[in-house]
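S.K.: Have a look at this prediction, sequence included:
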Amino acid sequence: MKFKKPNKKWTIIWFILALIFLLAVFPVPAQKPIKYIDRETGQVQIENVYGEKWLDWLYHNPVGEATLWTIAKRKIVTSLYGDQMEKPASADKIVPFIEEYDVDITIAQKQNFKSFNDFFIRQLKLEARPIVSDSLAVASPADGKILAYENVSNSDFYIKGFRFNVNSFLDNTELAQKYKDGSMIVFRLAPPDYHRYHFPVSGTTSSSNLKIDGDYYSVNPLALRKKAEIFWLNKREYGIIKSPIFGDVVMVEVGATMVGSMVQTYSGTTVKKGQEKGYFKFGGSTVVLLFEKDQIKIDADLLTNTANGLETTIKMGEQIAVKK
């Protein structure tokens, strides 16, 4: 009886596949929890991260990192997932999501939604987010968690020793020169947050944003700890608000993994503090504000918490800074 000699090529292929499988299921080392300050209470809290296991695998497993590089950061993946969130069947996810992340749905303008994305881009009742009335105060443009830097050139961003690159972020050397010693405020919106963003100051702006093409990495701190340059690798778009009080304020919306798109809803060129500018479709996302040097004095609690490596919860309309 003759035994067929194994095909060497297939032996190598099966060995490689088995190795990839073992690496893929290899446990990811435990990551430090994301801590933040609740601005209302001043207490340190731990964030309940949407898709935490998936993010850990993508950014801390060798097969996950390969998947991120080849597939997950691509627009097509985000677009396909976004399309799923538009379908009526996705509405079944709404109630479990509300319960898991303790979303206050009573402040929404409507209570019934045709899809998960319809719920995700929900509008709030006007009284739910009062806008700081002082004309010399800057209002938060969004709900979320905030990091604040009085001088971006002298500040480390997220990771000790990492310096935020304004030129790469804006993709405009001349414009970046105006803000290299200016103030920067970063608003991170997690999936459970209200996902419409608003103008932080009154003034005039262009009727459309300038768009910068890019990838779709997650903007969660779990990802930023591993890949800090995400903010100038991701798709983003920005406009400049010309304020008679605060000078030229750059407002940037940054896309992320599973963010279907950024939709601008404002019209005209004259805008008012607290007026809606647009919204993010499904996914966590970020808004970044840049102010010229010596234009604002950021609220002390935000600077202190940032210096301690902690984000601070914020609601749209709250004061975040005043005229310097």
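M.R.: Cool, the structure landed.
S.K.: what does stretch 296-309 rub up against?
M.R.: Residues from elsewhere that reach stretch 296-309, judged by CB atoms under 8 Å, 6 or more residues apart in numbering: 37, 39, 138, 146-150, 183, 185, 246, 311-312, 319-324. Where C-beta positions appear, they are placed from N, C-alpha and C, glycine not excepted.
S.K.: and if we set it to 6 Å?
M.R.: Stretch 296-309 has contacts (CB atoms under 6 Å, 6 or more residues apart in numbering) with 37, 146-148, 150, 183, 312, 320-322, 324.
S.K.: What pLDDT is listed against the nearest residue to residue 132 once chain neighbours are set aside?
M.R.: Distance criterion CB to CB, 6 or more residues apart in numbering; nearest residue to residue 132, sequence neighbours excluded, is residue 319 at 4.3 Å. Listed pLDDT for residue 319 reads 98.
S.K.: Give the bridge partners for residue 319, please.
M.R.: Bridge pairing for residue 319 (DSSP bridges) gives the partners residue 139.
S.K.: Distance-wise, check it relative to residue 150.
M.R.: Per CB to CB, to the nearest Å, residue 319 is found 16 Å from residue 150.
S.K.: out of the two, which sits in the more crowded spot?
M.R.: residue 150 (22 against 17; other CB atoms under 10 Å).
S.K.: so that one touches residue 183, yeah?
M.R.: Yes. Using CB atoms under 6 Å, residue 150 makes contact with residue 183 at a distance of 5.4 Å.
S.K.: circling back: which among the contacts of stretch 296-309 count as buried?
M.R.: Among the contacts of stretch 296-309, those classed as buried by 16 or more other CB atoms under 10 Å are 37, 146-148, 150, 183, 312, 320-321.
S.K.: a markdown table please, covering those residues and showing distance to residue 175 and secondary structure.
M.R.: Output for the buried ones among the contacts of stretch 296-309, formatted as a markdown table (distance: CB to CB, whole Å; DSSP: H, G, I helix; E, B strand; the rest coil):
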| residue | distance to residue 175 | secondary structure |
| --- | --- | --- |
| 37 | 32 | strand |
| 146 | 23 | strand |
| 147 | 22 | strand |
| 148 | 21 | strand |
| 150 | 20 | coil |
| 183 | 15 | strand |
| 312 | 28 | strand |
| 320 | 22 | strand |
| 321 | 21 | strand |
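S.K.: quick one: the helices in the stretch 101-250 of the chain?
M.R.: Remark: helices assigned in the stretch 101-250 of the chain by DSSP state H, counting those that start in this stretch are 116-120, 166-170, 173-179, 221-224.
S.K.: Turn these into JSON lines, columns for distance to residue 250, mean neighbour count and mean pLDDT.
M.R.: Shown next, in JSON lines, are these (distance: least, CB to CB, whole Å; neighbours: other CB atoms under 10 Å; pLDDT from 0 to 100):
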{"stretch": "helix 116-120", "distance to residue 250": "26", "mean neighbour count": "21", "mean pLDDT": "92"}
{"stretch": "helix 166-170", "distance to residue 250": "7", "mean neighbour count": "20", "mean pLDDT": "86"}
{"stretch": "helix 173-179", "distance to residue 250": "7", "mean neighbour count": "15", "mean pLDDT": "93"}
{"stretch": "helix 221-224", "distance to residue 250": "21", "mean neighbour count": "22", "mean pLDDT": "56"}
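S.K.: CSV for those, including distance to residue 134?
M.R.: Output for these, formatted as CSV (distance: least, CB to CB, whole Å):
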stretch, distance to residue 134
helix 116-120, 32
helix 166-170, 28
helix 173-179, 24
helix 221-224, 31
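S.K.: and of the contacts of stretch 296-309, the nearest to residue 288?
M.R.: residue 147 (9.7 Å; CB to CB).
S.K.: mind listing what the closest one touches?
M.R.: The contact partners of residue 147, taken as CB under 6 Å, 6+ apart, are 186, 306, 311.
S.K.: What of residue 101?
M.R.: Listed by CB under 6 Å, 6+ apart, the contact set of residue 101 reads residue 192.
S.K.: Isn't residue 113 up against residue 119?
M.R.: Yes. At 4.1 Å, residue 113 and residue 119 qualify as touching, with contact defined as CB under 6 Å.
S.K.: For residue 277, see how far away residue 247 is.
M.R.: Applying CB to CB, the value for residue 247 to residue 277 is 19 Å.
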